[in-house]
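Colleague: Return a 3D structure for these sequence lines:
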Amino acid sequence: MTEGTFLAEIFEHFFDPKKRVFLGYLLVSIFLALGWLVFFRNKSFKKAITKIFDTKILFSRSARADYKVFLINRVFMIFLSPHLLSQMVVATSIYYFLHSIPLFKTSHFPEIPANAVALLFTLSYFIFDDFTKYWVHRFMHKWPVLWALHKVHHSAETLNPITVYRTHPLEGVVFSIRGVFTQGIVISFFIYVFGNKVDLVTILGVNVFVFAFHIAGSNLRHSHIGIQYWSWLEKFIISPAQHQLHHSVDLRHYDKNFGATLALWDWIFGSLHHSEDVDSLVLGIEEDHIDHQSLRDLYIHPLKEILQISLNGFRGVKSIFTIFKT
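Modeller: Model (predicted):
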């Protein structure tokens, strides 16, 4: 791999419409933020621009840590990705497993038009993917071992679009595996049932529903621009302000708004919190003994914490056996 190719791979997400930080989506988000501040917050054009590009936020110590973590994690994933389980391996395995179940035959619905199958597949793919993101995210908050990793993301004290990459590499592996199984399940099931009619409805090669999510300002969820939706809409789609509340240290906001795109899962499973004014929010993790903007603590402390949790668990099991022996 040449130096130029390596650098291109590190920054490829900015030029890939399948990624949230694609430059086109970032540009749209700037215009949405500008419109929100000017027309809904009655700010002048100059003040709106100043707020959007607030250097105290974009170049804060927390933001600088985000940028460093982004670079390190991209290097990590470039070398690790070829060794991770692929969605086609999972899809193929599930496809052959379905053949062993006499539930229905392959291509059982030949009368359904290909366009209808493509739309159903695209929607199902989007919904199931979002559903699994919700539950993995929720488990990240509930299971101590996973929370040790996920705290890296929540340790951000300011938010910017690159904060989405502020994750421990092991959390990235967890979500990669989630994506592989989610995609493999949906792809294999649809191919088994509908045969070669399965296709994805896309814009710029992106699932049309994912594209709509990004065009609607997905990058503003990790930002200081607290766009709020109508109360009824926030039961179905997570607004930027709702996700910003998710990063708050306020006890009222703990374990709320786990949804990635859809708020529907939060509404159904009792973790929904409607948006509030976010200008006075305090973000981050309240742990004084850790420097959450230090690369050393961001990468090493979660591993130490996981080791300690594992040792405590081992001691607990050992003590139970000791009790039984006596």
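
Colleague: what residue is smack in the middle of the protein?
Modeller: Ala260 (5.9 Å; Cα atoms, centre = their mean).

Colleague: Can you tell me the closest non-neighbouring residue to that residue?
Modeller: Among residues not flanking Ala260 along the chain, Lys133 sits closest, at 4.2 Å (Cβ to Cβ, 6 or more residues apart in numbering). Just so you know, the C-beta spots here come from the backbone N, C-alpha and C atoms, and that holds for glycine as well.

Colleague: same for the helix or strand hosting the one you found, what does it pack against?
Modeller: In the assignment (DSSP states H and E), Lys133 maps to helix 114-142. Here helix 114-142 touches helix 144-154, helix 169-194, strand 206-207, helix 208-215, helix 264-269, going by 3 or more Cβ pairs under 8 Å, 6 or more residues apart in numbering; DSSP states H and E.

Colleague: How about residues contacting the third one?
Modeller: Defining contact as Cβ atoms under 8 Å, 6 or more residues apart in numbering, one finds that strand 206-207 is touched by 17-18, 122, 125-126, 200-201, 214.

Colleague: List buried residues within those.
Modeller: Buried by 16 or more other Cβ atoms under 10 Å: 17, 122, 125-126, 201, 214, out of the contacts of strand 206-207.

Colleague: hmm, back to that, was I right about the residue nearest to Ala260 contacting Ile238?
Modeller: No. Look at Lys133 against Ile238 with Cβ atoms under 8 Å: they stay out of range, at 11.0 Å.

Colleague: shared neighbours, those two?
Modeller: 259-261.

Colleague: Please report phi then psi for Ser248.
Modeller: With angles defined as degrees, to the nearest 10, Ser248 sits at phi -70, psi 150.

Colleague: can you pull out the strands in this protein?
Modeller: 202-203, 206-207 (DSSP state E).

Colleague: show me the contacts for the residue nearest to the centre of the chain.
Modeller: Residues near Ala260 by Cβ under 8 Å, 6+ apart: 130, 133-134, 137, 238.

Colleague: and which of the residues you listed is nearest to Asp255?
Modeller: Set against Asp255, the nearest of the contacts of Ala260 by Cβ to Cβ is His137 (10.4 Å).

Colleague: quick revisit: looking at the helix holding Lys133 now, give me its mean pLDDT.
Modeller: In this model, helix 114-142 has a mean pLDDT of 96.

Colleague: Could you list the buried residues of that helix?
Modeller: Neighbour-count burial for helix 114-142 flags 117-118, 120-122, 125-127, 129-134, 136-138, 140-141 (criterion: 16+ other Cβ under 10 Å).

Colleague: try stretch 18-27
Modeller: So stretch 18-27, judged by 16+ other Cβ under 10 Å, has buried residues 20-22, 25.

Colleague: Check stretch 294-309 too.
Modeller: Buried, per 16+ other Cβ under 10 Å, within stretch 294-309: 297-299, 301-302, 305-306.

Colleague: Can you tell me which of these is nearest Phe6?
Modeller: Using Cβ to Cβ, the buried residues of stretch 294-309 come closest to Phe6 at Tyr299, 21.0 Å.

Colleague: Spatially nearest residue to that closest one, not counting backbone neighbours?
Modeller: That would be His168: by Cβ to Cβ, 6+ apart, it lies 6.9 Å from Tyr299.

Colleague: Next, give phi and psi for the one you found.
Modeller: His168 adopts backbone torsions of phi -70, psi 140, taken as degrees, to the nearest 10.

Colleague: Quick check: which ranges of the stretch 101-250 of the chain have low pLDDT?
Modeller: Scanning the stretch 101-250 of the chain for pLDDT under 70 picks out the ranges 101-110.

Colleague: Let me see the contact set for the closest residue in space to Gln244 that isn't next to it in sequence.
Modeller: Nearest residue to Gln244, sequence neighbours excluded (Cβ to Cβ, 6+ apart): Val278, at 4.6 Å. Shown in contact with Val278 (Cβ under 8 Å, 6+ apart): 224, 226, 241, 244-245.

Colleague: Spatially, which two of those are the most separated?
Modeller: Across the contacts of Val278, no pair lies farther apart than His224 and Leu245, at 13.0 Å, counting by Cβ to Cβ.

Colleague: can you give me the helices in the protein?
Modeller: Listed in chain order, the helices of the chain (DSSP state H) span 3-10, 23-35, 45-52, 55-58, 61-80, 87-99, 114-142, 144-154, 169-194, 208-215, 240-246, 264-269, 295-325.

Colleague: Can you tell me which of those is packed in deepest?
Modeller: Highest mean neighbour count of the helices of the chain: helix 240-246, a mean of 25 (counted as mean count of other Cβ atoms under 10 Å).
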